[in-house]
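*Asks:* pasting the sequence and the predicted coordinates here, then a few questions.
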Amino acid sequence: MTLSVPVFRVAPGDASSPVILHVPHASRRVGDPAAAGLLLDGSALAAELDHITDAHTDLIAQGAADAARLRPWSFVNEWSRLIVDPERFPDDREVMRAVGMGAVYTRTSHGEPLRDPDPELERRLLDAHFHPYAAAMTALVDERLAATGRAIVIDVHSYPSQALPYELHGDGPRPPICLGTDTAHTPPRLRAAAREAFSGYEIALDTPFAGCYVPLKHYGTDARVTALMVEIRRDVYATEPGGAPHDGLPRLVTALTSLIDALS
């Protein structure tokens, strides 16, 4: 599968920064919907992108990177998660496969058909998107470890104020800021730094979404790699479901900048 646009973009940071801002779900790019097996097009596809895209999280991350005392590294997905979701397991380990939303989605956020199950198409999409993305993210973490002795992955996400049908734990609290953690890779000092940086907001841990991204090479085996997911409720900074940002966005940039500065 030949791509006209690279799968990801790496924005270099300061050579001495251990921080990697990871932005996996901000893009709306799908290319040719038919080539990706998508059953939606036109207004139906636009509506699904409104619901499923973490709108403007790339702007929040870029603003914080620009303002940080020591520029972090940034790793940004250039394609929509409707093509491939790089944060899902590509096999039966992924619990979201139960609702048709593994690494290659077959269902929409509302449970409607998105693409027909097709193992060959799934393989081609994983080969073109998932595996190069995972390899590059692993390489960037290895580079930060070699340069600084540590790597800190900060996932920048957003979620809607009202639960979507696909959510497995959508009945829990939906605070302005959700911090997703991992028992092996989110140490107390990282949680404390995030709580301090976002202290102007109500914060909850691991609700409505839990966990954070760590490359499989390092997961559970390398304590030098720490990680945290910052989930921002979308109405805090933008018009829902997928509209323009409002004056809440600069405040979030300031908070994320404070977190970067505390970790660098």
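*Replies:* Right, received. Where do you want to start?

*Asks:* can you name the next helix or strand after the longest helix along the chain?
*Replies:* The single longest helix within the chain, with elements called by DSSP state H, is helix 131-148. Once the chain leaves helix 131-148, the next helix or strand it forms, by DSSP states H and E, is strand 151-159.

*Asks:* ok, residues contacting the longest helix of the chain?
*Replies:* 7-8, 10, 15-18, 20, 22, 73, 75, 77, 84, 86, 150-151, 153, 213, 215-218, 222, 224-225 (CB atoms under 8 Å, 6 or more residues apart in numbering). Where C-beta positions appear, they are placed from N, C-alpha and C, glycine not excepted.

*Asks:* and the residue in the chain sticking out farthest from the centre, what's its pLDDT?
*Replies:* Using CA atoms, centre = their mean, the residue of the chain lying farthest from its centre is residue 120. It sits 25.9 Å away. With respect to pLDDT, residue 120 scores 97.

*Asks:* sec struct for it, please.
*Replies:* helix (DSSP: H, G, I helix; E, B strand; the rest coil).

*Asks:* so how far is residue 130 from it?
*Replies:* As for residue 120, its distance to residue 130 is 15 Å (criterion: CB to CB, to the nearest Å).

*Asks:* same deal with residue 244?
*Replies:* Distance from residue 244 to residue 130, by CB to CB: 31 Å.

*Asks:* of these two, who's got more company?
*Replies:* Remark: of residue 244 and residue 130, residue 130 carries more neighbours, 22 against 9, as counted by other CB atoms under 10 Å.

*Asks:* just say helix, strand or coil for the closest residue to that one other than its chain neighbours.
*Replies:* Setting aside the residues directly before and after it, residue 130 is nearest to residue 84 in space (CB to CB, 6 or more residues apart in numbering), at 5.0 Å. Classification of residue 84 by three-state DSSP places it in coil.

*Asks:* which ones are touching residue 84?
*Replies:* Residue 84 neighbours (CB under 8 Å, 6+ apart): 103-104, 125-126, 128-130, 133.

*Asks:* so which of these is the most crowded?
*Replies:* Most surrounded of these: other CB under 10 Å gives residue 104, at 28 neighbours.

*Asks:* show me what contacts that one?
*Replies:* Listed by CB under 8 Å, 6+ apart, the contact set of residue 104 reads 84-85, 90, 115, 121-122, 125-126.

*Asks:* state the number of residues packed around the residue lying closest to it once chain neighbours are set aside.
*Replies:* Nearest non-adjacent residue to residue 104, counting by CB to CB, 6+ apart: residue 122, 4.6 Å away. By the measure other CB under 10 Å, the count of residues near residue 122 is 19.

*Asks:* which stretches of the stretch 101-250 of the chain form helices?
*Replies:* 119-125, 131-148, 188-197, 249-263 (DSSP state H, counting those that start in this stretch).

*Asks:* list the buried residues in stretch 110-126.
*Replies:* For stretch 110-126, a neighbour-count test (16 or more other CB atoms under 10 Å) marks 114-115, 121-122, 124-126 as buried.

*Asks:* now do the strands in the stretch 1-150 of the chain.
*Replies:* 8-11, 19-23, 73-77 (DSSP state E, counting those that start in this stretch).

*Asks:* highest mean neighbour count out of those?
*Replies:* Comparing these by mean neighbour count (mean count of other CB atoms under 10 Å), strand 19-23 ranks first with a mean of 26.

*Asks:* that one - what's its average pLDDT?
*Replies:* 98.

*Asks:* that strand packs against which elements?
*Replies:* helix 57-67, strand 73-77, helix 131-148, strand 151-159, helix 249-263 (3 or more CB pairs under 8 Å, 6 or more residues apart in numbering; DSSP states H and E).

*Asks:* give the buried residues for the third one.
*Replies:* Read that as helix 131-148. Here helix 131-148 shows 132-134, 136-137, 140-142, 144-145, 148 as buried, counting by 16+ other CB under 10 Å.

*Asks:* and what of stretch 41-60?
*Replies:* 45, 47-60.

*Asks:* got JSON lines for the helices of the stretch 101-250 of the chain, with distance to residue 172 too?
*Replies:* Converted to JSON lines, the helices of the stretch 101-250 of the chain look like this (distance: least, CB to CB, whole Å):
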{"stretch": "helix 119-125", "distance to residue 172": "31"}
{"stretch": "helix 131-148", "distance to residue 172": "28"}
{"stretch": "helix 188-197", "distance to residue 172": "18"}
{"stretch": "helix 249-263", "distance to residue 172": "22"}
